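Visitor: let me see the structure of the following:
(chains A, B and C)
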Amino acid sequence: MPKSNPGHFFEDFRIGQLLRHATPRTITTGDVALYTGLTGSRYALYSADTFAAAMGLPGAPVDPVLVFHMVFGKTVPDISLNAVANLGYADGRFLAPVMPGDTLTATSEVIGLKENSNGRTGVVTVRTTGTNQRGEAVLSYVRWVMVNKQDPASPAPEPVSPDLPASVAATALIPPPPLAPGSVDPVLSGSPYAYEDYQPGERIDHVDGMTVQEAEHQIATRLYQNTARVHFDALAQASSRHGRRLIYGGVVISLARAMAFNGLGNAAQVLAINAGRHVNPLFAGSTVYAWSEVLDRAELGGGWGALRLRHVATKDKPGGSFPGADTGGEPDPAVILDFDCWAAIPMRASLA
Amino acid sequence: MPKSNPGHFFEDFRIGQLLRHATPRTITTGDVALYTGLTGSRYALYSADTFAAAMGLPGAPVDPVLVFHMVFGKTVPDISLNAVANLGYADGRFLAPVMPGDTLTATSEVIGLKENSNGRTGVVTVRTTGTNQRGEAVLSYVRWVMVNKQDPASPAPEPVSPDLPASVAATALIPPPPLAPGSVDPVLSGSPYAYEDYQPGERIDHVDGMTVQEAEHQIATRLYQNTARVHFDALAQASSRHGRRLIYGGVVISLARAMAFNGLGNAAQVLAINAGRHVNPLFAGSTVYAWSEVLDRAELGGGWGALRLRHVATKDKPGGSFPGADTGGEPDPAVILDFDCWAAIPMRASLA
Amino acid sequence: MPKSNPGHFFEDFRIGQLLRHATPRTITTGDVALYTGLTGSRYALYSADTFAAAMGLPGAPVDPVLVFHMVFGKTVPDISLNAVANLGYADGRFLAPVMPGDTLTATSEVIGLKENSNGRTGVVTVRTTGTNQRGEAVLSYVRWVMVNKQDPASPAPEPVSPDLPASVAATALIPPPPLAPGSVDPVLSGSPYAYEDYQPGERIDHVDGMTVQEAEHQIATRLYQNTARVHFDALAQASSRHGRRLIYGGVVISLARAMAFNGLGNAAQVLAINAGRHVNPLFAGSTVYAWSEVLDRAELGGGWGALRLRHVATKDKPGGSFPGADTGGEPDPAVILDFDCWAAIPMRASLA
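Guide: Predicted structure coming up:
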């Protein structure tokens, strides 16, 4: 038997199966610097120890989106090495801040299995948990992937569909440490807008565009130790359906979040991932844009509110016309990401 | 009103206006590593804690050129988002060392305004100051940019031209900590040449060449959180005058300084920026070369001297013929940067 | 005389000559992060402080291969600036762990000289030592390079051929700190295979492929402060034999080692470099694959064994057919690296 990892096929998964993933990861200020270089993120909270200290933290924490990618990357060899498609996310919650120097491990539990009618693939749903060196869970989320069967003749398992919330309840969000009144400097944060300034239904064009090079997405995806070969092996991909390397969907999430600074500068901190779909593939050379819609909002106490945001990323089509906003008619092929999350934002009284 | 940042237009600026810029920045060893990876800088002072300690510092400081880019990046959203051109720098002085872990904020004061005769643009001059977490100014410099008017019909302001020195006076330079005699190892620094070995008028070809890829300049410019879209959005740039992404001029300054190691290995530390012009644009795929001329020199005391250096960077033309040295005749289109700075260099008695 | 470094020519070297190299280097967690981003390395030992602590270390050490590149980079300006070819390595031993924050300097002693019969070049053999800030040697290796003569008329030196071992003796390996029984978690390390599971003669296909972009190899090579211009100057290279930038061979070593994780996850730590040849050049756009053969094995005590591994890297040809394994017939032009090293691996009793 080869010693290289063959990954798991659909028939290898069992409901209740617990997978501990390889390669724990100490996240350092080096990772943070490279993340800034790859995304251009400008949220003051992740950029400056002083700004974070004014918000009651010991220093600048690690951007939850980077934490997500790090944890996600660990799961790839066990969950999605033989995946056909990454279908979606649900019920993702950030449970504790991650500081540079923290070490994360990841585990996943199989909570859903359903063979497809073609008999060649099936959908596997897992709940993944990221845990720090003190054994505290820092992140929990559900994702489902379509995975190949190794042997199409193997019997279909009893289908199990997990019960997943359409979105994380506002009451389930873990708010950041309480803010003293006037403790957030809106000049340094780059935005004068507080919780009260955003209304459900409001749409924001994030204006900026970012053209992605092969080197950039490869460096990012390797930083997350996500080694799915579709992102790296141009020779193998030449004979694939797309004919070229596919950009890891997490790269798009990060770009959308980084660009969302321009209009949502105080909504730095993702608290929950409600849903997410990589609607179309992205390839190097395309330019990514983003726009957002405020879906909901909730007061969290302690000087904080939360905005439920829909971040839509597009390729080669600026966000000003809000591509994909119309749910009727043909879907817009420029849309590459439809991401639904809760982000913390200070109440107006928390701003200086 | 859109919540994304529209930037300031020419008529938004007032003499004496003070702009505090967003996104303070903690500079870490991660930023330093990435800067080394992007520039190949080999100055021992910024590379090794031990070498810096021998020079009386607590550890390797952050290269002042990186400090400059970090501070500059902060100013872009307020000063040059609607700029047509970055016209020049003057009177730049590095006032205190920046160590990894320090957090910088940036402020700018408007000190010059002059509408252009076309009525559609004007020149804004600002003095920008970078300040650390203890409130100490670490950098002060002047730059002027040509900025669009939002409404060409708006009245021209009273023209104000700031009084700027042609170069920083040697007496205004802040020298590094005093050097004990024989404390600098010229083998480790990579150069046997001390202050006394350089004469005004001397020209040095830095020999090496560096071809710049899109991914490289984008990562660098994002690291500085400079998000001017001309550097990142290939789709928008396709319909611009240049038809493609423009490389941030600071990338060229860094490459020129990194290449200047080869001939100026002991002149690691920029103390002042006298002037700087991005003479021609640079695009990915071109190869950058550099040569330098010693314009002046001055003894600083404490075992230090300073060289006033003209660094000239070229594209696709090696520096051996000193392109741009002749000030008569047609300017050489290969010249992309003409940069005038003071750099500290040990006196011969300071070398081991 | 120009102040830029002309490098040494063949006739500049003397047997017994000791060269201290410029630019000492503090290796930081920033360098480690960038190395992860450039290689995708997943060995738990270099990824997580907690995993390293369970193995008796104060935290995650720096990957010895990164240490090698850092030390190698220092030697280039003195040894191989005028080199025609990097011919081989021998007798490389890692002597002490390097932790983030350590500062390395490098020295080389000339131990072999032999002019080629063409009279225009000669082979220089040096023993290079990397030393930390406490004066402890951390790495010692021999390499030989073909170097141009400056003046073909200069007399040939007395030929001296150093006596080099075909491979480092197992008894000369410095084992890692002793492992308590059951102290290595094979789930976290990503491999259930211990020393006893590998047999001499066994071949392992590492499956994954990595397409290399210009930006990636340039950033890596600059991170190592290796500024050999063949890797960076596309304009000068356009008129070279290859017509384009050559990828630093160390980039291939790193990719091969990173891909070897897939099948050799517990053999994280290179203890010795027995031999290494860059068989064919690599250029950007090619995809690198790797396979390995177990050449030998030895028990080291303290819960450790060592595998002598042949890592073969190929370009644009997957490793599954083991290209280059057959030593008869024509060599396979897809082979780019043939690397022979010892790597530490826990004994079965050391695994949890």
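Visitor: how far away from the center of its chain is the lengthiest strand in chain A?
Guide: Criterion DSSP state E: the longest strand present in chain A is strand A:287-301. Distance, stretch centre to chain centre, for strand A:287-301: 14 Å (Cα atoms, centre = their mean, to the nearest Å).
Visitor: CA atoms only: put the helix or strand just after it into CSV for me.
Guide: The C-terminal neighbour of strand A:287-301 among helices and strands, as given by DSSP states H and E, is strand A:304-315. What follows is strand A:304-315, C-alpha atoms only, in CSV (Å, rounded to 0.1, in the frame of the first residue of the first chain):
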residue,chain,number,x,y,z
TRP,A,304,-21.3,46.3,20.3
GLY,A,305,-23.8,45.5,17.6
ALA,A,306,-23.6,43.0,14.8
LEU,A,307,-24.4,43.4,11.1
ARG,A,308,-25.5,40.4,9.1
LEU,A,309,-23.8,41.0,5.8
ARG,A,310,-24.1,39.4,2.4
HIS,A,311,-20.7,39.8,0.7
VAL,A,312,-20.9,39.2,-3.1
ALA,A,313,-17.6,38.9,-5.0
THR,A,314,-17.5,39.2,-8.8
LYS,A,315,-14.9,38.7,-11.5
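Visitor: partner strands of the next helix or strand after strand A:304-315, parallel or antiparallel?
Guide: Counting by DSSP H and E, the element after strand A:304-315 in chain order, helix or strand, is strand A:335-346. Paired neighbours of strand A:335-346 in the sheet (DSSP bridges): strand A:269-278 (antiparallel), strand A:304-315 (antiparallel).
Visitor: need the winner for burial among those.
Guide: The highest mean neighbour count among these, using mean count of other Cβ atoms under 10 Å in any protein chain shown, belongs to strand A:304-315: a mean of 25. Where C-beta positions appear, they are placed from N, C-alpha and C, glycine not excepted.
Visitor: model confidence over that one, on average?
Guide: Regarding strand A:304-315, the rounded mean pLDDT is 98.
Visitor: between that strand and strand A:287-301, how big is the angle?
Guide: Angle between the axes of strand A:304-315 and strand A:287-301 is 170 degrees (criterion: axes from the mean of the first three to the mean of the last three Cα atoms, to 10 degrees).
Visitor: which ones are touching residue A:136?
Guide: A:95-96 (Cβ atoms under 8 Å, 6 or more residues apart in numbering or on different chains).
Visitor: let me redo that: residue A:88
Guide: With Cβ under 8 Å, 6+ apart, residue A:88 has these contacts: A:143-144, A:275-277.
Visitor: in the longest strand of chain A, what counts as buried?
Guide: Buried residues in strand A:287-301, counting neighbours by 16 or more other Cβ atoms under 10 Å in any protein chain shown, are found at A:287-297, A:300.
Visitor: what is that strand packed up against?
Guide: Where contact means 3 or more Cβ pairs under 8 Å, 6 or more residues apart in numbering or on different chains; DSSP states H and E, strand A:287-301 is packed against strand A:203-205, strand A:210-211, helix A:249-259, strand A:304-315, strand A:335-346, helix B:234-238.
Visitor: ok, back up a step: columns pLDDT and distance to residue A:50 on top of the contacts of residue A:88, output as CSV?
Guide: What follows is those, written out as CSV (pLDDT from 0 to 100; distance: Cβ to Cβ, whole Å):
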residue, pLDDT, distance to residue A:50
A:143, 96, 36
A:144, 96, 41
A:275, 97, 35
A:276, 96, 32
A:277, 94, 37
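Visitor: and residue C:170, which of the helices and strands packed on strand A:287-301 is closest to it?
Guide: Nearest to residue C:170 among the helices and strands packed on strand A:287-301 is helix A:249-259 (43.3 Å), distances taken as Cβ to Cβ.
Visitor: give me the contacts around stretch A:184-193.
Guide: Contacts of stretch A:184-193 (Cβ under 8 Å, 6+ apart): A:42-45, A:48, A:51, A:54-55, A:194, A:261, A:263-266, A:268, A:346, A:350-352, B:3, B:5, B:20-24, B:77, B:105.
Visitor: chain center to that stretch: distance?
Guide: 25 Å.
Visitor: ok, stretch A:76-93 next?
Guide: The chain centre lies 12 Å from the centre of stretch A:76-93; the measure is Cα atoms, centre = their mean.
Visitor: do a quick rundown of the helices in chain A.
Guide: A:29-39, A:44-47, A:49-54, A:64-79, A:214-223, A:234-238, A:249-259, A:261-264 (DSSP state H).
Visitor: which among these is found nearest to residue B:254?
Guide: Across those, closest to residue B:254 is helix A:29-39 (Cβ to Cβ), at 13.5 Å.
Visitor: excluding sequence neighbours, find me the nearest residue to residue A:293.
Guide: Nearest residue to residue A:293 in three dimensions, chain neighbours excluded: residue A:310, at 4.4 Å (Cβ to Cβ, 6 or more residues apart in numbering or on different chains).
Visitor: quick one: contacts for that neighbour?
Guide: Applying Cβ under 8 Å, 6+ apart, the residues near residue A:310 are A:292-293, A:295, A:338-340.
Visitor: can you tell me how far it sits from residue A:204?
Guide: Distance, residue A:310 to residue A:204, using Cβ to Cβ, to the nearest Å: 10 Å.
Visitor: what residues does the stretch 1-150 of chain A put near chain C?
Guide: Counting by Cβ under 8 Å from any Cβ of the partner chain, the residues of the stretch 1-150 of chain A close to chain C are A:2-5, A:20-26, A:28-31, A:33-34, A:77, A:101, A:103, A:105, A:133.
Visitor: and those, which are buried?
Guide: A:3-5, A:21-26, A:28-31, A:33-34, A:77, A:103, A:105, A:133.
Visitor: from those, which are also near chain B?
Guide: Okay, of these touching chain B (Cβ under 8 Å from any Cβ), that's A:28-31, A:33-34.
Visitor: make a markdown table out of the residues you listed and add pLDDT.
Guide: A markdown table is the format used below for these (pLDDT from 0 to 100):
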| residue | pLDDT |
| --- | --- |
| A:28 | 98 |
| A:29 | 98 |
| A:30 | 98 |
| A:31 | 98 |
| A:33 | 98 |
| A:34 | 98 |
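Visitor: for those residues, which one is nearest residue A:62?
Guide: Nearest member of those to residue A:62, counting by Cβ to Cβ, is residue A:31, at 7.6 Å.
Visitor: tell me the contacts of the closest one?
Guide: Contacts of residue A:31 (Cβ under 8 Å, 6+ apart): A:62, A:66, A:70, A:100, A:223, B:30, C:33, C:36.
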